[in-house]
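Novice: please work out how this folds:
(3 chains)
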Amino acid sequence: MGKSTLVTNSIRQLRFARDEMTQAELARRVGVTRQTVIAIEQGKYSPSLEMAFQIARALGVSLDDVFHYPEEAQV
Amino acid sequence: MNAPTHGHGDFTGPADDEKLTMTMEERGVWVFLVCNIAAATTYAAVVVPRAFEGPIEEVSWVVPMLWAIGAQIVGTIVGSIVAAIGSAVGLAARGRDPQVEMGSDERDKEIERYGSRKSQGILGVGTAVALALAMLDADAFWIGNAIFAFGVVSGVVEAVVKIRAYRRGF
Amino acid sequence: MAKDATYEASYEERHTAAALALGLAAMTAYLVVVTVRALTDDAPLAEVAWQGPLLLCIGAGGFLYTVTFIALRVRSRGHTVTDERDDRIRAAGEQANSSIVGLAVLATLVMLALDVPVFWVANVLLLTTWLGTLAQAGVVMSGYRKGLA
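Specialist: Just a heads-up that it's a prediction; the model follows:
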């Protein structure tokens, strides 16, 4: 299969902006493991819509600020 | 918001990229892989020489196989628990929260499903082979060992698929 | 205002339903034939010739399924046939099946260990495998109708 995703995210930068929130702290707030946060940051895992919203909330921004989808993406 | 930089490596975030520990589930997969291979190897070492010594119908393979299956199950459970305790103690000693490093979440569950789906076909072929052997009235030795062999292979494939999913994504 | 469809079966749902129906029919036919044979010959149940009926039922079921599959495929030519939702529903179904298959394998080994006649071993294996695919189809159908969590 190997479905690669076009979705990118700025979790790393946003954590930095939020008083250098650690991966562990973000994981704790969202209720997942740190490994999962790392996998998402590296584009190795696409979170569910639910988790995506929780991440955005934990970072204090909207979904659009965390996850990005290229404008010219082929559907 | 200024344009976020995508991709990894060029941006340095908070310095918490400490040595990556495995989640409890991933550790469990490793333990299972080791136990699976160890049990199957031991079983083969016991039964194969016997099969060469006398007629196949008289080989006593049942008891070794039950031991192998039992040892594999118990070994996986005990091994996972020991590994979990060990890493919890290690994390606590380094001042990290074991809860955040070791729990299991949506991703673990998805990897679990992914692995069992990917290996399901092998077990399916195994049952078909066992049925065919039964139709041909093969000795129980062949039916039992064929299905056991397919079980071991599918277990190994499942574990490898899951470990790959943990490390490289899926 | 155009009336929107409230429900429409997808390609995958249709062929799963076909597989489910054919699976039920084939298994029923097999069980009936074997039972009749067991009652009409004087040999003990474990010595009934079950191999022929099984091959026949699997063959007939497989053939009909292939025909249905091709027919559905032709019908939905030119459309997007499967998407992300189909994949997820199929995954949930396969998950339900895989645990039952594991159980079938274990049951087979235990029966062989207990020296149960091959007739029983084979038929238990067959029935559990069949139940597994039934569960798979059931989960897929309910995934389409009621949605996935």
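Novice: can you map out the helices along chain B?
Specialist: B:24-53, B:62-93, B:98-102, B:106-135, B:140-168 (DSSP state H).
Novice: now do the last one and helix B:24-53, the angle between them.
Specialist: Read it as helix B:140-168. Angle, helix B:140-168 to helix B:24-53, by axes from the mean of the first three to the mean of the last three CA atoms, to 10 degrees: 150 degrees.
Novice: shaky segments in the chain?
Specialist: You didn't say which chain, so I picked chain A. Scanning chain A for pLDDT under 70 picks out A:1-4, A:73-75.
Novice: that's the wrong chain, I meant chain C
Specialist: For chain C, the stretches with pLDDT under 70 are C:1-3, C:5-6, C:79-81, C:149.
Novice: what helix or strand does the residue of chain C found nearest chain B sit in?
Specialist: Using CB to the nearest CB, the closest approach of chain C to chain B is made by C:Ala122 at 3.6 Å. From N, CA and C alone the C-beta is placed, and that goes for glycine too. Following DSSP states H and E, one finds C:Ala122 within helix C:118-146.
Novice: got the buried residues for that helix?
Specialist: C:118-119, C:121-126, C:128-137, C:139-141, C:143-144 (16 or more other CB atoms under 10 Å in any protein chain shown).
Novice: could I get the contacting residues of the residue nearest the centre of chain C?
Specialist: The residue lying closest to the centre of chain C (CA atoms, centre = their mean) is C:Thr133, at 4.0 Å. When contacts are counted by CB atoms under 8 Å, 6 or more residues apart in numbering or on different chains, C:Thr133 is found next to C:19, C:23, C:97.
Novice: and A:His68, its phi and psi?
Specialist: phi -130, psi 150 (degrees, to the nearest 10).
Novice: thought A:Leu63 was touching A:Phe53?
Specialist: Yes: assessed by CB atoms under 8 Å, A:Leu63 is found in contact with A:Phe53 at 6.2 Å.
Novice: those two - which one has more neighbours?
Specialist: A:Phe53 (15 against 12; other CB atoms under 10 Å in any protein chain shown).
Novice: okay, and the more buried one sits in which element?
Specialist: helix A:49-58.
Novice: does anything pack onto whichever helix or strand comes after that helix? Which helices or strands?
Specialist: Per DSSP H and E, the first helix or strand lying C-terminal to helix A:49-58 is helix A:63-66. On a contact count with 3 or more CB pairs under 8 Å, 6 or more residues apart in numbering or on different chains; DSSP states H and E, helix A:63-66 meets helix A:11-17, helix A:49-58.
Novice: need phi/psi at A:Asn9.
Specialist: According to degrees, to the nearest 10, A:Asn9 has phi -140, psi 160.
Novice: show me what contacts it?
Specialist: A:40-41, A:43, A:66-68.
Novice: how about B:Tyr43?
Specialist: Applying CB under 8 Å, 6+ apart, the residues near B:Tyr43 are B:64-65, B:67-68, B:148.
Novice: just the buried members of the residues you listed?
Specialist: Buried, going by 16+ other CB under 10 Å: B:64-65, B:68, B:148, out of those.
Novice: could you dump the residues you listed into TSV and include distance to A:Ala17 and pLDDT?
Specialist: Output for the buried ones among the contacts of B:Tyr43, formatted as TSV (distance: CB to CB, whole Å; pLDDT from 0 to 100):
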residue	distance to A:Ala17	pLDDT
B:Pro64	61	92
B:Met65	59	92
B:Ala68	55	94
B:Phe148	56	93
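Novice: how about the residues of chain B by chain C?
Specialist: B:62, B:65-66, B:69, B:113-114, B:116-117, B:119-120, B:123-124, B:126-127, B:130-131, B:134-135, B:137, B:140, B:143-144, B:147-148, B:150-151 (CB under 8 Å from any CB of the partner chain).
Novice: what about residue 38, how many neighbours?
Specialist: Defaulting to chain A. The burial count for A:Ile38: 17, using other CB under 10 Å.
Novice: try again with chain B
Specialist: Neighbours of B:Ala38 (other CB under 10 Å): 14.
Novice: for it, what are its contacts?
Specialist: B:72, B:75.
Novice: tell me the pLDDT of it.
Specialist: On pLDDT, B:Ala38 comes in at 97.
Novice: could you measure from it over to chain C?
Specialist: 19 Å (CB to the nearest CB, to the nearest Å).
Novice: could you do A:Lys44 as well?
Specialist: Distance from A:Lys44 to chain C, by CB to the nearest CB: 18 Å.
Novice: just A:Ile40 next, same as before
Specialist: 18 Å.
Novice: up against chain B, what does chain C have?
Specialist: So chain C meets chain B at C:51, C:54-55, C:91, C:94-95, C:97-99, C:101-102, C:104-106, C:108-109, C:112-113, C:115, C:118, C:121-122, C:125-126, C:129 (CB under 8 Å from any CB).
Novice: now, those residues that are in helices?
Specialist: C:51, C:54-55, C:91, C:94-95, C:97-99, C:101-102, C:104-106, C:108-109, C:112-113, C:118, C:121-122, C:125-126, C:129.
Novice: so what's B:Thr76 up against?
Specialist: B:28, B:31-32, B:35-36.
Novice: just the closest of those residues to chain A, please.
Specialist: Among these, B:Gly28 lies closest to chain A (CB to the nearest CB), at 13.4 Å.
Novice: how many other residues sit next to the residue nearest to B:Gly28 when sequence neighbours are not counted?
Specialist: Leaving out its chain neighbours, the residue that sits closest to B:Gly28 by CB to CB, 6 or more residues apart in numbering or on different chains is B:Ser80, at 4.3 Å. Using other CB under 10 Å, B:Ser80 has 19 other residues around it.
Novice: check C:Ala17 too.
Specialist: Neighbours of C:Ala17 under the rule other CB under 10 Å: 16.
Novice: how about B:Gly54?
Specialist: B:Gly54 has 9 nearby residues by other CB under 10 Å.
Novice: phi, psi for it please.
Specialist: phi -140, psi -170.
Novice: need the nearest residue in space to the residue in chain B positioned nearest to chain C, chain neighbours excluded.
Specialist: Closest approach between chain B and chain C, counting by CB to the nearest CB: B:Ala134, at 3.6 Å. Nearest residue to B:Ala134, sequence neighbours excluded (CB to CB, 6+ apart): C:Ala122, at 3.6 Å.
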